[in-house]
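Chemist: return atomic coordinates for the entry below.
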Amino acid sequence: MANIIFVDIPAGASFSYSETKEGWISSDSDLANQAVDFIRKFLKEHPKFLRNPLYISGISYTGIIVPVVALELYEGNERMDHATVNIQGYILVSPLTDKFMDFNSRLEYAHRMALVSDNIYKLAIDNCLGNYVDINSANSTCLSSLQSYEECTSQINVENILEPFCDIQDPTLDCENDVGKAVNKWANTEVVQQALNVRQGKIEEWVRINKTLHYSQGKNDTFYYSYDIFSSFPYHKKLSSKSCRALIVSGGHDFTFPYVGVEEWTASLNIKTEVPWKPFYIDGQVGGYETKYAQNGYSLTFATVKGAGHIVPNDKPKQAMVLIQEHFLFYKLIQASSM
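Modeler: Here you go, the predicted model:
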């Protein structure tokens with residue numbers, strides 16, 4: 001039995017709102033602080049949950065936020081300046097971790113997935129000095145090398161390279177898939193909003209992605225939101241010294257934040273490899289691949305899900321569930337062996 005709390009933050013995400021102009025203004029660091037405050041206040045008001053193992057989870061851009069929240073909860077326990085929370089770890093799906101590394105990894109991913117040829121890849125490697133994101137305009141050979149890469153990938157669905165491309169910048173096109181359309185219809189139904197105790201009249205229309213908040217490569221701060229945390233990797237690094245269990249899941253066909261970048265930063269934590277890259281199975285078939293790291297009370301599982309895109313639970317719900325169950329079973333085995 002598990003208790004799950006979904007939190008709509010910052011104001012403007014999902015059904016959340018503000019009644020003041022100032023309340024709509026937020027940032028990565030503000031969002032992390034709000035999440036920590038919410039967790040502490042919730043547990044203070046509902047002390048029966050205090051002893052429950054607590055995992056912080058998120059998807060996509062919240063890969064920047066979740067490690068910040070988790071680390072503050074661990075360090076708050078160490079400072080003893082708040083009621084102790086039973087923080088045990090965190091779970092991330094298709095996370096953005098570093099706003100250079102993750103986007104930079106797209107070139108290598110494109111090569112691995114045969115979206116670009118060996119020659120296109122080699123030219124970029126030779127001419128761009130490892131930087132395929134912040135290109136020096138004076139480096140004409142690099143710019144020329146990347147033109148073919150851009151041509152080959154510009155019409156690819158970044159959320160899942162196996163799915164049809166739809167230009168989300170074209171207002172005449174409806175790029176929502178069937179799941180997205182179903183969720184939109186469900187969330188905008190009056191009886192659903194009543195059941196969720198949504199305050200009527202505060203949100204005119206529920207949208208899956210608030211574009212005033214949504215981050216894209218190289219996007220600058222807006223009036224409403226400041227993207228002030230460039231990388232969450234330092235927080236992952238600090239968490240690796242805690243008694244912490246992390247599960248990181250990437251879709252094998254996600255071009256948004258490719259598994260290549262996640263594979264790179266998880267390996268660079270320099271944690272002992274407990275189980276090298278190997279397949280996991282669903283109904284006798286390969287469901288994906290996983291690597292396990294563990295050291296001094298810290299453990300991290302990095303898994304890719306075969307055939308899944310950016311929203312892994314939507315694309316491959318059974319595989320996602322198996323990984324979650326395996327993660328918590330592994331945690332229970334560790335607990336039992338330490339008694």
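Chemist: which helix or strand contains residue 313?
Modeler: Using DSSP states H and E, residue 313 falls within helix 312-315.
Chemist: tell me the mean pLDDT for that helix?
Modeler: Mean per-residue pLDDT for helix 312-315: 89.
Chemist: please apply the same query to stretch 241-249.
Modeler: 96.
Chemist: send the alpha carbons of it over as CSV?
Modeler: C-alpha atoms of stretch 241-249 as CSV (Å, rounded to 0.1, in the frame of the first residue of the first chain):
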residue,chain,number,x,y,z
SER,A,241,26.8,10.6,0.0
LYS,A,242,23.4,10.1,1.7
SER,A,243,21.6,6.9,2.6
CYS,A,244,19.5,7.4,-0.5
ARG,A,245,17.9,5.3,-3.2
ALA,A,246,17.5,6.7,-6.7
LEU,A,247,15.6,5.3,-9.7
ILE,A,248,16.2,7.1,-13.0
VAL,A,249,14.1,5.9,-16.0
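Chemist: what are the buried residues along that stretch?
Modeler: Residues of stretch 241-249 classed as buried by neighbour count (16 or more other CB atoms under 10 Å): 242, 244-249. Glycine gets a C-beta too; all of them are placed from N, C-alpha and C.
Chemist: so what touches it?
Modeler: The contact list for stretch 241-249, computed with CB atoms under 8 Å, 6 or more residues apart in numbering, reads 55, 70-71, 74, 87-95, 236, 239, 262, 266, 296-305, 312, 320, 323-324, 327, 330-331, 334.
Chemist: filter those down to the ones in helices?
Modeler: Under the assignment DSSP state H, those contribute 70-71, 74, 236, 239, 262, 266, 312, 320, 323-324, 327, 330-331, 334 to helices.
Chemist: mind listing what's buried in the helix holding residue 313?
Modeler: For helix 312-315, a neighbour-count test (16+ other CB under 10 Å) marks 312-315 as buried.
Chemist: can you give me the strands for the stretch 201-339 of the chain?
Modeler: Secondary structure of the stretch 201-339 of the chain (DSSP state E, counting those that start in this stretch): strands located at 225-226, 245-251, 273-282, 285-295, 298-305.
Chemist: make TSV from those strands and add distance to residue 147 to it.
Modeler: Formatted as TSV, those follow (distance: least, CB to CB, whole Å):
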stretch	distance to residue 147
strand 225-226	32
strand 245-251	28
strand 273-282	34
strand 285-295	33
strand 298-305	30
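Chemist: deepest of these, which one?
Modeler: Neighbour counts (mean count of other CB atoms under 10 Å) averaged over each of the strands of the stretch 201-339 of the chain peak at strand 245-251, with a mean of 27.
Chemist: and that one with strand 285-295, angle?
Modeler: Strand 245-251 and strand 285-295 are oriented at 150 degrees to each other (axes from the mean of the first three to the mean of the last three CA atoms, to 10 degrees).
Chemist: returning to that earlier point: the strands of the stretch 201-339 of the chain: which one's closest to residue 154?
Modeler: Closest approach to residue 154 among those (CB to CB): strand 245-251, 20.4 Å.
Chemist: between that closest one and strand 298-305, how big is the angle?
Modeler: Interaxial angle, strand 245-251 versus strand 298-305 (the same axes, to 10 degrees): 20 degrees.
Chemist: for this structure, what helix or strand is lowest in average pLDDT?
Modeler: One helix or strand of the chain scores below all others by mean pLDDT, DSSP states H and E: helix 317-338, with a mean of 69.
Chemist: now the spatially most central residue of the chain: phi and psi?
Modeler: Centroid check for the chain by CA atoms, centre = their mean gives residue 95 as the closest residue, at 2.4 Å. For residue 95, the backbone dihedrals (degrees, to the nearest 10) come out as phi -80, psi 140.
Chemist: wait, doesn't it sit right on residue 60?
Modeler: Yes. Residue 95 lies in contact with residue 60 (CB atoms under 8 Å); the separation is 6.9 Å.
Chemist: before we move on, back to that, so among the contacts of stretch 241-249, which ones count as buried?
Modeler: Buried among the contacts of stretch 241-249 by 16+ other CB under 10 Å: 55, 70-71, 74, 87-95, 236, 239, 262, 266, 298-305, 312, 320, 323-324, 327, 330-331.
Chemist: ok, back up a step: and the gap between the closest residue to the residue nearest to the centre of the chain other than its chain neighbours and residue 82?
Modeler: Computed as CB to CB, 6 or more residues apart in numbering, the closest residue to residue 95 that is not its neighbour in sequence is residue 63, at 2.4 Å. Separation of residue 63 from residue 82 (CB to CB, to the nearest Å): 25 Å.
Chemist: show me what the helix or strand residue 103 falls within is packed up against.
Modeler: Taking DSSP H and E as the criterion, residue 103 maps to helix 101-104. With contacts taken as 3 or more CB pairs under 8 Å, 6 or more residues apart in numbering; DSSP states H and E, helix 101-104 sits against helix 259-267.
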